[in-house]
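1. quick one, structure for this:
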Amino acid sequence: MNARLLALLTLLLPAAALAQNAWTVTPVEGSAVMGEISSLLFEVRNASTSTRPLNEISLSVDTASYDIDGGDAPLGWTVSTIDRKERRITYTANGACGAGSVGLAPGATARFTLRVVGVPANADVTDALVGGNSPTKASMARDTCSGTTFTGDPTLARWKRVGLSASFTVLPRTLQVGGNVSVQLVVVNRSLVTQGGITLSGPVVVGGATFNRTVQAFSPASLSLAPGASGAFTGKLQATGEGTSVFRATAGNGTVSTALTSSLLVNVSSFPALIEALPASIATGDTVTVRLVVSNPSKTAYRDIVPQAPTFVGTATPTLLSGPTPTVMASLSPGAAISFYWTYRMDGAVGTTFQFSSQANATRDGVPISTSPVSSAQGRIVEHRLTIEPASVISGATNRTLRYTLYNGGTVEIRTVKLLPLDPTFFTLSGTPFAKDTSGWNTSSNKGYIWTAPNGAPGLTPGSQKTFSLDYAAFGSVSTDTAFSHQLELTQVSGSTTNTLRVDAPVTIFVNRVLPEVESLVALAGPARNTLMWTNPSDHDGVLVLRAVGAAPNTPPEPGRRYAAGEALGNATVVYSDELSVASAYSDTGLTNGTAYVYRVYNHDALYRYSPGNAPQSLGLKSIPTGRGSGEPLWCYSVGFSSLQQPITELGVGIFSANTSGRVTASLTNTSTPVFDGNERWRPVQLQGAVQSRFPIVPLHGLPGQYILTGDQAGFTYAIRTDSGEVLWRGASLGTIQAFPVVQLHDFANAAYKAASPGRDLAFFATRLSTGTDNKVVALNAATGVPVWTYAPGDLGMVSGGMLVDYTYNRLYVGARSNGGSLASLRVLDSLTGAELARLSLGDIDFGIVRYGSLPLALVTSSDGTVYGLDMAAMTVAWSAAVAARPSASVPAFSQFARPVTNGFVVSILGASDAEGRVERWSVTTTTTTTGTTTTAKMLWSTPIPSPSGTFSGTIGGVQRLYVGGKDEKVHELDFASGVDGKQISLPGALAVGTPTVDSTVSRLHVGTQDGRICAFPVPFP
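-> Model (predicted):
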């Protein structure tokens, strides 16, 4: 046609007659791995010069090279047809003709995913979409509204079919600069022949985080793999810059290669985070759990950690069911982590996807700080869902059964299920692999392990699931956790048509390691129940709780195994098990009151590696339900460690206590609602060492609230808020601290004190060093923990009991050991400066010094058996009473300081054996005559109590009584006037009962036991 004719036709014909309807399809990413399910992503463009939309696309692959597994459609499209026989999938745009443009307008693009299984070959192969004009075999594009077929060449869309599969793991996924990650690329030979000389290329770090230092070079130098065999390249890198990144690498030998493989996101930060959406493959309507984990790798606590609501990306439809749980975390300690959870119902067509992004906000030293935004891996709604139990097996395990549960979410019945061959190095089947299978299907093996529905019986029908089991003789050894894909080939039968497809799921062979225990495990006993409470460690996915009667559970859980409630394990029963959980409490109900139950709680990770279950200690945690009846406890709070220290009462509100595990606890008193009675005020505060004495609770000048001041056996000093358990400060270690600390409060002090310490309270701590002579007394600023003065004379014995502050004269009385009589055991110091004012030799003083009523006298209790009255003005002994003798050189005469009572004192005296001992009340009478003053101490009564604890005097209903614990596992109620041991309550299994305390405002007695319980009783005793 000449130019004049073309120009003429252009003038005469309408523009629509010359328009072209064309399309292009371009590979975006993805390689097809031989023998595995692979995803290929294509971008389709409506390249028309007309106005016709493109609303139906068919992608087809070579029937000799591939099986079709399925496909994913972009938003606004659906997968309308999967023809597995012709290896063809069709995508259709949503909407009706005549309702505007449906599909891709001219110039518009969209991305479509095609999932295929490549047929193995000897070497890598380049493949393309099938072209041509066949309406049943070729890749095509159409406008179904007008019946228009678009022109294009889909065979230009090419990709590589590779002979090696790979999976990339980088752990940990959160860390700070300077931390190391372990990097592993697992390679499987999917070709038909042995491949040698496989080398690693990479890894390359993509993103903001940098890893520029190699800590451990990648090894081995190369791999040689038989068909189906696996191998791994491993190395270790150091983080050198903050940010979020993925690692990418390939491996190959020039004949076969892997696709470019990426790890999950890794976050390097001073406030790192990761997010997961689990499970990643679901059926429509299933629930997905989203977990945001944030960590504190710094040395400073983070405050008020709040998660942001996750942002959703995908084509499925999410519905929020719950979360976040928790909504906020008040404090995140250094080295700790916290998980926030949301649950979503996920709906959508097969192939629709879901992905979530989030971050968390907090404050550090009062300054706002946020994690980086992080994203989960993409999940999808699948037609057929496979779960494997157990999904993790310990390296080198033998004789395990794996259960493959298949859900048919499609529309066609499945008649045959075949497990494809696995690498025998890591998965060795038993000689009778189907021995434990209970599916009821026929079994056989031929290049895999096959289950076939019996003739005449239904197969796996749509909407149903079935479990198939295989017995394995052995699992291979790995040096690091390694996931292996297990593939099932499914045969669908519909009428005379038979199709095959595949599903897969990972099984991880893991290296066992000891997981951290749950922290601060306690139990609160109530009517027919024990409520367990704990704090989860940062390395946590869930817990397993075992319960036995009368003895600790004696059989640990098997690594990699998931247990269900009701299962027996040794002498114990599984009462609770969870995963993907922040649960930190469990109420065990339906129990028998008065029966001793012993629990062990095992923390586990996502692979079901378990902790030793030795929290709070290896004998487990004992708790005895109480009916709150006559003679029974109102509640008992079990901490698992000796809790003989006398509880400290906040009248009408609750109590505080400490135990030999180094935890400070707080329990509430609730007389109106029994179910809340005894509940925790806050989680136990873990100190660095055991606490061996009571502690004062005081207000501090210029600070709100009340504060606990205490020290521990590791030598650290603390101030702790009573309303929250928050540690105000922790002082530097002074050396072992056992004595009761004392405080001189500014607001109650005299003018001399206020002039010397303006606006400041002083807290006094003393040491108990094993040297016996190098002890010291330190005065600290009670609001900051900063030292003010130190008394270290070089000849001070061990200080075990409490000190006494004399506000009148600004003096501090310190009792100590005499080091065999060679040292003065009582020192009087200037509380303002620490200068020594006086010293007296009164024998070993292992008990607190207390004021004697309103008189300027103090009671000093010598371990040798003498009680002294000390003149606080003259700093001299005013009188003494020889009360008892030491049972032996290593055993003091008393179990507690002489407790002052009206006109005298009460003492608890130890005997030569646990069965001996007594409580005595003594009167002190002072007579003044013309010849002088005489003080006489006289015993009024003596009552035998086996190894008595200290005593507490309580007045209930106008009647004064004495309460004392003993090694007969009882609390005794003594008549104050006569000493008659009229009533007792028993605590079977207590071993010994500590010094009680009485809250007269609510008529409650609180007492601790040697077996680790703190219990409440109504008083007077029934």
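
2. SS state for the closest residue to residue 399 other than its chain neighbours?
-> Once flanking residues are discounted, residue 399 sits nearest to residue 473: 6.6 Å by CB to CB, 6 or more residues apart in numbering. Bear in mind the C-beta positions are built from the backbone N, C-alpha and C, glycine included. Three-state assignment for residue 473 (DSSP: H, G, I helix; E, B strand; the rest coil): strand.

3. wouldn't residue 473 be in contact with residue 435 here?
-> No. In this structure residue 473 lies outside contact range of residue 435 using CB atoms under 8 Å: 11.1 Å.

4. residues of the strand or helix carrying residue 23 that come out buried?
-> According to DSSP states H and E, residue 23 maps onto strand 23-29. By 16 or more other CB atoms under 10 Å, the buried positions in strand 23-29 come out as 23, 24, 25, 27.

5. same thing with stretch 741-756?
-> Using 16+ other CB under 10 Å as the test for burial, stretch 741-756 gives 741, 742, 743, 744, 745, 746, 749, 753, 756.

6. rewinding a little: which one's more surrounded, residue 473 and residue 435?
-> residue 473 (14 against 11; other CB atoms under 10 Å).

7. show me what contacts the closest residue to residue 699 other than its chain neighbours?
-> Computed as CB to CB, 6+ apart, the closest residue to residue 699 that is not its neighbour in sequence is residue 706, at 5.7 Å. If you count contacts by CB atoms under 8 Å, 6 or more residues apart in numbering, residue 706 has them with 697, 698, 699, 721, 722, 723.

8. distance of the last one relative to residue 1022?
-> When CB to CB, to the nearest Å is applied, the distance between residue 723 and residue 1022 equals 34 Å.

9. same check, this time on the fifth one
-> Distance, residue 722 to residue 1022, using CB to CB: 32 Å.

10. neighbour-wise, which of those two wins?
-> Taking other CB under 10 Å, residue 722 and residue 1022 do not tie; residue 722 has more neighbours (22 against 11).

11. test my guess that the more buried one contacts residue 704.
-> No. Taking contacts as CB under 8 Å, residue 722 lies outside contact range of residue 704: 11.0 Å.

12. overlap of the contact sets of those two?
-> Contacts common to residue 722 and residue 704, judged by CB under 8 Å, 6+ apart, are absent.

13. student question: in this structure, what's the helix or strand with minimum average pLDDT?
-> helix 3-12 (a mean of 39; mean pLDDT, DSSP states H and E).

14. need the phi and psi values for the closest residue to residue 409 other than its chain neighbours.
-> Once flanking residues are discounted, residue 409 sits nearest to residue 283: 4.4 Å by CB to CB, 6+ apart. Backbone torsions of residue 283, given as degrees, to the nearest 10, read phi -90, psi 160.

15. which residues touch residue 283?
-> Counted by CB under 8 Å, 6+ apart, residue 283 has contacts 381, 382, 385, 407, 409.

16. same thing but 10 Å
-> 346, 350, 381, 382, 383, 384, 385, 407, 408, 409, 463, 465 (CB atoms under 10 Å, 6 or more residues apart in numbering).

17. was I right to think the third one contacts residue 353?
-> Yes. Using CB atoms under 10 Å, residue 381 is in contact with residue 353, at 7.7 Å.

18. more neighbours: those two, which one.
-> Between residue 381 and residue 353, counting by other CB under 10 Å, residue 381 is the more crowded of the two (27 against 19).

19. gap between that one and residue 316?
-> 6 Å.

20. spit out the residues that contact the two alike.
-> Shared contacts of residue 381 and residue 316, defined by CB under 10 Å, 6+ apart, comprise 282, 284, 288, 346, 347, 348, 349, 351, 352, 353, 354.

21. and those, which of them are in strands?
-> Cross-referencing the shared contacts of residue 381 and residue 316 against strands under DSSP state E gives 282, 288, 346, 347, 353, 354.

22. if we ignore the residues flanking it in sequence, what's nearest the last one?
-> The spatially closest residue to residue 354, leaving aside those adjacent along the chain, is residue 314, at 4.1 Å (CB to CB, 6+ apart).

23. residues near that neighbour, how many?
-> Using other CB under 10 Å, residue 314 has 19 neighbouring residues.

24. who touches it in this structure?
-> Applying CB under 10 Å, 6+ apart to residue 314 gives the contacts 75, 277, 346, 348, 352-356, 378-381.

25. swap in residue 522?
-> Counting by CB under 10 Å, 6+ apart, residue 522 has contacts 531-535, 585, 615-616, 621, 623, 637-640, 663, 665, 667, 680, 683-684, 1012, 1014.

26. ok, and for stretch 205-219, which residues are buried?
-> Buried-residue list, stretch 205-219, by 16+ other CB under 10 Å: 205, 209, 210, 211, 218.

27. show the subsequent helix or strand relative to the helix or strand harbouring the first one.
-> Counting by DSSP H and E, the element that carries residue 205 is strand 195-207. Beyond strand 195-207 on the C-terminal side, the first helix or strand identified by DSSP H and E is strand 213-219.

28. give the pairing partners of that following strand; include direction for each.
-> Using DSSP bridges, strand 213-219 pairs in its sheet with strand 230-238 (antiparallel).

29. could I get the partner strand in PDB with only the CA atoms?
-> The C-alpha trace of strand 230-238 is given here as PDB (Å, rounded to 0.1, in the frame of the first residue of the first chain):
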ATOM      1  CA  SER A 230      21.000 -32.100  51.700                       C
ATOM      2  CA  GLY A 231      23.900 -30.000  52.900                       C
ATOM      3  CA  ALA A 232      24.400 -26.600  54.500                       C
ATOM      4  CA  PHE A 233      26.800 -23.700  54.400                       C
ATOM      5  CA  THR A 234      27.100 -22.000  57.800                       C
ATOM      6  CA  GLY A 235      28.900 -18.900  59.100                       C
ATOM      7  CA  LYS A 236      28.600 -16.200  61.600                       C
ATOM      8  CA  LEU A 237      28.600 -12.400  61.100                       C
ATOM      9  CA  GLN A 238      28.600  -9.400  63.300                       C
END
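
30. averaged pLDDT, that strand. What do you get?
-> For strand 230-238, mean pLDDT is 94.

31. could you do stretch 34-46 as well?
-> Mean pLDDT, stretch 34-46: 93.

32. that older thread, now the residue nearest to residue 399: how far from residue 561?
-> To residue 561, residue 473 is 17 Å away according to CB to CB.

33. just residue 427 next, same as before
-> Relative to residue 561, residue 427 is positioned 17 Å away (criterion: CB to CB).

34. got it, and residue 438?
-> In this view, residue 438 and residue 561 are 18 Å apart by CB to CB.

35. more crowded one of these two?
-> residue 561 (18 against 11).

36. what about the helices in this structure?
-> Remark: helices assigned in the chain by DSSP state H are 3-12, 751-756.

37. got the contact list for the shortest one?
-> For helix 751-756, contacts defined as CB under 10 Å, 6+ apart pick out 744-747, 749, 760-762, 788, 807, 809-810, 830-833.

38. circling back: the strand holding residue 23 - contacts with which helices or strands?
-> Applying 3 or more CB pairs under 10 Å, 6 or more residues apart in numbering; DSSP states H and E, we find strand 23-29 packed against strand 37-46, strand 56-60, strand 109-118, strand 140-143, strand 158-162.

39. point out where the stretch 1-150 of the chain drops to low pLDDT.
-> By pLDDT under 70, the weakly predicted segments of the stretch 1-150 of the chain are 1-19, 99-100.
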